[in-house]
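Chemist: coords please:
(one chain, ligands or ions: 2)
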Amino acid sequence: MAAPSEGPDPEIITIKEGSEKNVVYNLKEEGEKPEGSKMAPIAANSIHRSGSRPQLDLSGAAIQGNFEEKDPTILLPNQSDDISHLALDIGGSLIKLIYFSRHEDRLIDDKRKRSLQERLGVSNGIRRSFPILGGRLHFVKFETPKINECLDFIASKQLHTGGLDSHSWRSMIPANDNAIIKATGGGAYKFADLFKERLGVSIDKEDEMDCLVAGANFLLKAIRHEAFTHLEGQKEFVQIDHNDLFPYLLVNIGSGVSMIKVDGEGKFQRVSGTNVGGGTYWGLGRLLTKCQSFDELLELSQRGDNRKIDMLVGDIYGGMDYAKIGLSASTIASSFGKPVAENKELEDYRPEDISLSLLRMISYNIGQISYLNALRFGIKRIFFGGFFIRGHAYTMDTISFAVRFWSKGQAKAMFLRHEGFLGALGAFMSYEKHGLDDLMVHQLVERFPMGAPYIGGKIHGPPLGDLNEKISWMEKFVQKGTEIIAPVPMAPPGTTGLGGFEVPSSKGDTLRSDASAALNVGVLHLVPTLDVFPLLGDPKMYEPNTIDLFDHGELEYWFTVLSEHLPDLVDKAVASEGGTDDAKRRGDAFARAFSAHLRRLMEEPAAYGKLGLANLLELREECLREFQFVDAYRSIKQRENEASLAVLPDLLMELDSMSEETRLLALIEGVLAANIFDWGSRACVDLYHKGTIIEIYRMSRKKMQRPWRANDFDIFKERILGSGDKNPSPHKRALLFVDNSGADIVLGMLPLARELLRRGTEVVLVANSLPALNDVTAMELPDIVAEAAKHCDVLRKAAEAGGLLVDAMINVQDGSKDDSHSVPLMVVENGCGSPCIDLRQVSSELAAAAKDADLVILEGMGRALHTNFDAHFKCDALKLAMVKNQRLAEKLIKGNIYDCVCRYEPAS
Ligand SMILES: CC(C)(COP(=O)(O)O)[C@@H](O)C(=O)NCCC(=O)O
Ligand SMILES: [Mn+2]
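Modeler: Ligands and ions are numbered 1, 2, ... in the order given. I've put the predicted structure just below:
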C-alpha cells in the first residue's frame, strides 16, 4: 500500500482560454480492489463494500478471548499501515481541524441476531463491531495566533498517534514514529517545523484548491441539509440532487477570492477571482475603524447605516428613483461616494457606518463578479464559502441580494453549513484509506453533543475527556453563560441533585460559540450499516417530519411541552440509575444541556440544519445517552410488561370467541386503546395517577368506539377478510413497527401479529435499536414474545419458526407442542433510538427484512403521526395511533385529544 504521504498523481491538462492559462485537475480515482480480497471470513461480505472504502487489512482478523465478553479484543495481525485520524487547514486567522474517532460499538452476539443472519442474509451484528467503519468526524476551530492551544488539543487527545481509545483495535498497532498528518492552507508550510518539534509529526501538504473542491463535493453529496439560501434574514435549506450537482461555481472568499467551476469529482477549473475579498474588508476596515478583530468589525457593521457613507441614486436624483433604468432611490450609486461632496474628515464618520459600507461594497462586488462568471459558463448554482462569510447573516444577505439583483432572480446564491471546513475536509479525504467519499447521505448522522465545549467548532477551554469533565463543564456553562472561555475547574462542583436548572426561556444566546456564527456544526457519525427503507414510495420526495418547526408558533409550543416534561424525565432517569449522587449530578447536567439546546434552537431554529419535531425528540434521547442514562424507563417498562402479560391469556380467549370480523375490529381497537401507555405524553402521564395499568387499559378500550377521526378500517378489513365471495390471499410478510412496552406491545400489537400469523402472513416486529422513553427495544422483544408464547400456541410456533425461541424453555399452557408448520415471527431492530423514525436511515437488517414485505404497519404517535403521517409506500400501509395531544389532534385531524387514527393506504 502507498504511504499516506503519496496522494494520487494529479493529471494536469493545461488549457488555454484567451491569454490566461487555466489548469484543470483531473484526480483519477484509485484503482478498485477486488471485492472481498484478503478478507477474513468473519467479515467477508459485510465490511468490504468497494475498493475505495476505508481499508484495514483484516486478513487473519480474529476475536481474542471469549466471544460473549463485553469488549472483545480484535486482533489484526496483518495490519501494518497507520491510519491517521486528523487533518488540518491552517489559515491566516483560523485553524480548522477535523479528527476521526471510532464508535464504541460493542460486539453484541445475541440470539436474535444470529438467527436473523441466517434468515435474512444480513450480518449486522458482526459487521457493526468492526473498527473504522463506524466512527465520528469532529470539527474544531482554533485561532491561528493561538496555535499552541491547537497543539495541546492534538497532544491531549493523542490524535497524531491515533487516539486514546483504550480498547481500540488501534492499541494493537505499534505507534508510528514517522507519523504524517495531512494539512492544507498557508500554515501547513509556515508551522511545519513547530509540528515536528512539538508533536514529532511531519506535515504532508495538500493543495488548497484540491481540498476545497473535494470538501465541497463531499458535503454536497453526503450531508442532507448542507446548502441553504439566505434572503432577507430567511434561511432555507436546499435539497441537492446528487445526480444533478455539476457543474456549480464555488466561490471561496478568503483574504482574496477564488471562483472555481466544478464539473465533477476532482474536476475543476479556477475560472476567475478578485483581489477584493475578506482581506480587503479586514485590512481597510482596520485602518478606517481601529477595530481589533475581524469579528469586532463585523459586529460594528450590524449597527451601521451605510447611507451615511455611500452615495445613493436618490442623492444624485434629489431623492427620486431613476425609474427609467430600474434603479430605486436607495440603490448604491457609488460606494464611499458621499464624502466626495462633504467636507468632513474620517473622524466625522461613525465606524459602524464605515464598516457596513465596506461590507456592502465588497459583498456586492463579489456577488456581481460571481454571477457574471456563472453566466459566462451557463451555471445556475453558486455556492459561497470561506472565512469571510462565517455564517454572518448580513454578509449572506448582501451577497444573495447582489446575485439576485444582477441575475434578475435567475441565479441563486447558496451557502454551506460547514463552509469553514471545506479545506480541512478535503485534506482529510486525501488520506487514501479513509474512503469517506464512498459514504452515502443515509450513512451519515449529524449529532450535536452538548457536554463538550466545542459546539460550533470552536474550543472554549481545554478539551474534555471523561464524563466528569463534561458535567463540570455543563455546571460552569450555566453559571457563566456566554463567558465560557476560562479553563474548566476539575474539582467536584458544589451543585448536585435536581435543584439547579431553570426551565429555559426563549431569549438568550448562551450556546453561541462564535459571536458571529449563526450555524453550528455537529459531530458527523459515519454509520455504514444504515440504509434507505426500500419500501418508501419515493425516497427523494420523502420528508419524515409532519410538523415543521420553522413555524415559530409551533416551535414555541413544542419547546414549552418539552421543557415542562423535563423535571419528570430527570426524576425517572436518576431513579433508573439507582438515585445515587452521581446519577443526580448527571441528571442535572443533562437537564442543563438539553435546556441549552432548546434555547439555542428557539433563537435560531436552523442552527442544526432543518428542524422538525422528530429532531427535537431525538435530541432529547441523545442528550440522555450523552450523560450515560442508558434506559430511563427501564423499571416502568418491566412493571407494565408483567402486568400486561398477566391479563394476556384472558384477552386471547375473549378474542378467540369472536367472529372473524368482530375480532379484526377488536384487534385494531385494542392496538389503538393500548397506545395510551405513553410516558412521553403529558396528558397520559396525568392519567396514570388515576388508576392501575389494567384499569386504564379497560377504560381506554371501552371508549374506543368508532367512528375514529381518520377511519379506513373498512378498506383494511376488505383487504384482509375480503367481501362477498372474494377470499383474498394473505399478505406475504408484514413489518410491524411497534411502539411502547407494556399493554401497547403485549395487549395491542402481539395479538394483531398473532392474527396475521394465523392467516399465513410472516410477521416481522420492528423495534428500536436503543431505548427511547417507554418504547420497547429489539433486545427486549424476544423475552416478551417468549413469555407471551407460553400462553399461545400460534405465537410459540411462529416464534420458533422465526428463531426467536431457539433456546427458550417454554412451558406451553394452551396446547402441546406439535410439528405443524408455521410462518415465522421475527424481530428486527430499526436502527433508531428515538420515538420517531426517519425511514431514510434504517438498519440494514430492517432493509433486508423489507425486501419480501407487502404490508407495513406503523404504530404510535411518534412513528405514524409526528413522522410518516404523509409517507407513501410501495406496499400496503396501515397507520395506527392514538393522538395524545390536543394541539396535534386539532392540527392533524381536526379532532380532540384521545381521538384515533386508522389510515390504510393500499400499495401505490
Ligand atoms: C413522545 C411521543 C411522540 C410518544 O408517543 P408514542 O409514539 O409512544 O405514541 C408523544 O408522547 C408526544 O408527542 N409527546 C409530547 C406531547 C405531549 O406531552 O402532549
Ligand atoms: Mn412510544
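Chemist: pretty sure residue 558 sits against residue 551.
Modeler: No - look at residue 558 against residue 551 with C-beta atoms under 8 Å: they stay out of range, at 10.3 Å. C-beta coordinates here come from the backbone N, C-alpha and C atoms, glycine included.
Chemist: compare these two (neighbour count), which wins?
Modeler: residue 558 (22 against 11; other C-beta atoms under 10 Å).
Chemist: now the farthest one out in this protein, which residue is it?
Modeler: The centre of the chain is farthest from one residue, residue 343, which by C-alpha atoms, centre = their mean lies 56.5 Å away.
Chemist: before we move on, what SS does it have?
Modeler: Here residue 343 is recorded as coil under DSSP: H, G, I helix; E, B strand; the rest coil.
Chemist: stretch 741-755 and ligand 1, any residue contact?
Modeler: No - judged by C-beta under 6 Å from any ligand atom, stretch 741-755 stays clear of ligand 1, getting no closer than 7.4 Å.
Chemist: one step back: Provide the backbone phi and psi angles at the residue farthest from the centre of the chain.
Modeler: Note on residue 343: backbone dihedrals following degrees, to the nearest 10 are phi -90, psi 70.
Chemist: show me what the strand or helix carrying residue 194 is packed up against.
Modeler: Using DSSP states H and E, the element containing residue 194 is helix 192-199. Using 3 or more C-beta pairs under 8 Å, 6 or more residues apart in numbering; DSSP states H and E, the elements in contact with helix 192-199 are helix 147-157, strand 202-205.
Chemist: chain center to the longest one: distance?
Modeler: Centroid displacement of helix 147-157 relative to its chain, using C-alpha atoms, centre = their mean, to the nearest Å, is 27 Å.
Chemist: what of stretch 191-210?
Modeler: Remark: stretch 191-210 is offset 32 Å from the chain centroid, using C-alpha atoms, centre = their mean.
Chemist: do stretch 293-308 as well
Modeler: Centroid separation between stretch 293-308 and its chain, computed with C-alpha atoms, centre = their mean, is 34 Å.
Chemist: and the end-to-end length of it?
Modeler: In stretch 293-308, first residue to last residue: 23 Å (C-alpha to C-alpha, to the nearest Å).
Chemist: give me the contacts around it.
Modeler: Here stretch 293-308 makes contact (C-beta atoms under 8 Å, 6 or more residues apart in numbering) with 93, 278, 281-282, 285-286, 289, 291, 330, 332, 338, 349-360, 390, 392, 394-395, 514-516.
Chemist: for burial, what's the neighbour tally of residue 717?
Modeler: Neighbour tally, residue 717, other C-beta under 10 Å: 17.
Chemist: run through the residues that contact it.
Modeler: Going by C-beta under 8 Å, 6+ apart, residue 717 touches 661, 664-665.
Chemist: contacts only, for residue 622.
Modeler: When contacts are counted by C-beta under 8 Å, 6+ apart, residue 622 is found next to 447-449, 833.
Chemist: in PyMOL, how would I select the buried members of those?
Modeler: Burial among those is assessed by 16 or more other C-beta atoms under 10 Å; the matching PyMOL selection reads:
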select buried, resi 447+448+449+833
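Chemist: where does the stretch 51-200 of the chain have low pLDDT?
Modeler: Along the stretch 51-200 of the chain, segments meeting pLDDT under 70 span 51-84, 103-112, 114, 117-118, 121-134, 162-177.
Chemist: quick one on the thing from earlier: give the buried residues for the helix holding residue 194.
Modeler: Within helix 192-199, the residues that count as buried by 16+ other C-beta under 10 Å are 192, 195, 198-199.
Chemist: same thing with stretch 588-595?
Modeler: Using 16+ other C-beta under 10 Å as the test for burial, stretch 588-595 gives 588-595.
Chemist: list just the nearest of the residues you listed to ligand 1.
Modeler: Closest approach to ligand 1 among the buried residues of stretch 588-595 (C-beta to the nearest ligand atom): residue 594, at 14.2 Å.
Chemist: would you map the strands across the stretch 551-700 of the chain?
Modeler: Using DSSP state E, counting those that start in this stretch, no strands are found in the stretch 551-700 of the chain.
Chemist: taking it, what residue is nearest to ligand 2?
Modeler: Nearest residue of the stretch 551-700 of the chain to ligand 2: residue 678, at 5.5 Å (C-beta to the ion).
Chemist: so who does that residue touch?
Modeler: Residues near residue 678 by C-beta under 8 Å, 6+ apart: 684, 739-740, 744, 773-774, 860-861, 882, 884.
Chemist: go again using 7 Å as the cut-off
Modeler: Shown in contact with residue 678 (C-beta atoms under 7 Å, 6 or more residues apart in numbering): 684, 740, 861, 884.
Chemist: who's in contact with the helix or strand encompassing residue 425?
Modeler: Mapping residue 425 onto the secondary structure by DSSP H and E places it in helix 422-429. The contact list for helix 422-429, computed with C-beta under 7 Å, 6+ apart, reads 87-89, 96-98, 182-185, 206, 208, 210-216, 218-219, 385, 434, 436-437.
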